[in-house]
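> could you look at this predicted model? Sequence included:
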Amino acid sequence: MAERFQRGGVAYAKDGRKYRVDDVEDGIVYCSASSGAETEFAPDQLLNQTEWDTRGKAERDKVYGRLKLSDAYAKPGPRLDKGAGEKVLAVIGRLMPALLDFAAYRIAVDFLTQAGEEALVAGLSIVKCRVVFDAASLAVRIGLLARILGVPPKTLTDAAQIGDNLMRAILSKGMESYEESLADFRARR
């Protein structure tokens with residue numbers, strides 16, 4: 001046990017909470033949370049950094065497979081003209097390039113939150129989230145973008161046909177509610 005947990009090292013509870021190891025004595029690991037709260041654990045209730053990284057990688061890899069099968073990606077998207085859908089993606093990609101990455105990431109965060117697995121959010125890969133997003137059908141992607149922006153899919157496709165000013169207005173209005181999480185997302189890069 002002394003080798004698994006060292007004084008000053010990091011330990012993780014099975015629910016993902018991170019602690020600093022204060023002491024290991026008589027089969028008990030004494031820890032402090034970042035808030036300063038002190039607690040104690042039996043060693044089998046904790047994982048050290050190496051164990052956590054190994055577990056986390058395996059869990060994260062499973063997340064993307066489960067995400068592909070989630071309702072967000074499995075349900076059929078709205079009926080739309082293929083050309084109009086492709087134009088929406090092109091216009092959004094030109095006017096707000098980070099939105100497609102953000103949408104893919106936000107969908108994964110929502111999925112994990114609904115599944116009660118918030119501890120896995122910190123380990124999400126934006127690139128892998130985007131791969132899942134890009135693998136979805138065009139209709140599903142447009143439906144997901146419309147949901148995030150808070151507009152009907154038809155409004156989104158029509159705006160792409162009308163012009164950049166209307167699309168800019170829809171994008172800025174739709175992203176107002178995500179201002180804080182978008183700032184956090186941009187800081188991750």
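That came in fine, so what should we check first?
> domain-wise, how is the protein divided?
10-49, 69-188 (automatic domain parsing).
> TSV for these, including distance to Val63?
(C-beta placed from N, C-alpha, C; glycine too.) Below are these laid out as TSV (distance: least, C-beta to C-beta, whole Å):
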stretch	distance to Val63
domain 10-49	13
domain 69-188	6
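> those into a markdown table, with extra columns for mean pLDDT and mean neighbour count?
Below are the domains of the chain laid out as a markdown table (pLDDT from 0 to 100; neighbours: other C-beta atoms under 10 Å):
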| stretch | mean pLDDT | mean neighbour count |
| --- | --- | --- |
| domain 10-49 | 88 | 15 |
| domain 69-188 | 88 | 16 |
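> in this protein, spot the helix with the most residues.
The helix spanning the most residues in the chain, taking DSSP state H as the definition, is helix 49-68.
> whichever strand in the chain runs longest vs helix 49-68, what angle?
Longest strand in the chain by number of residues (criterion: DSSP state E): strand 18-25. Per axes from the mean of the first three to the mean of the last three C-alpha atoms, to 10 degrees, the angle that strand 18-25 makes with helix 49-68 is 150 degrees.
> packing partners of strand 18-25?
strand 10-13, strand 28-32 (3 or more C-beta pairs under 8 Å, 6 or more residues apart in numbering; DSSP states H and E).
> can you give me every residue that contacts Pro78?
Counting by C-beta atoms under 8 Å, 6 or more residues apart in numbering, Pro78 touches Ala139, Ile142, Gly143, Ala146, Pro153, Lys154.
> could you do Gly9 as well?
Gly9 touches Arg20, Val21, Asn48, Gln49, counting by C-beta under 8 Å, 6+ apart.
> cool, Thr157 as well?
By C-beta under 8 Å, 6+ apart, the neighbours of Thr157 are Leu80, Asp81, Ala84, Gly85, Lys87, Val88, Ile142.
> helices of the protein, start to end?
49-68, 71-74, 82-95, 98-114, 126-135, 138-149, 153-162, 164-175, 179-188.
> quick one on the thing from earlier: just the contacts of Thr157 now: which is nearest Lys173?
Val88 (15.9 Å; C-beta to C-beta).
> hang on, the closest one packs against Leu145?
Yes: Val88 is within contact range of Leu145, at 7.3 Å (criterion: C-beta atoms under 8 Å).
> now do the shared contacts for the two.
Leu156.
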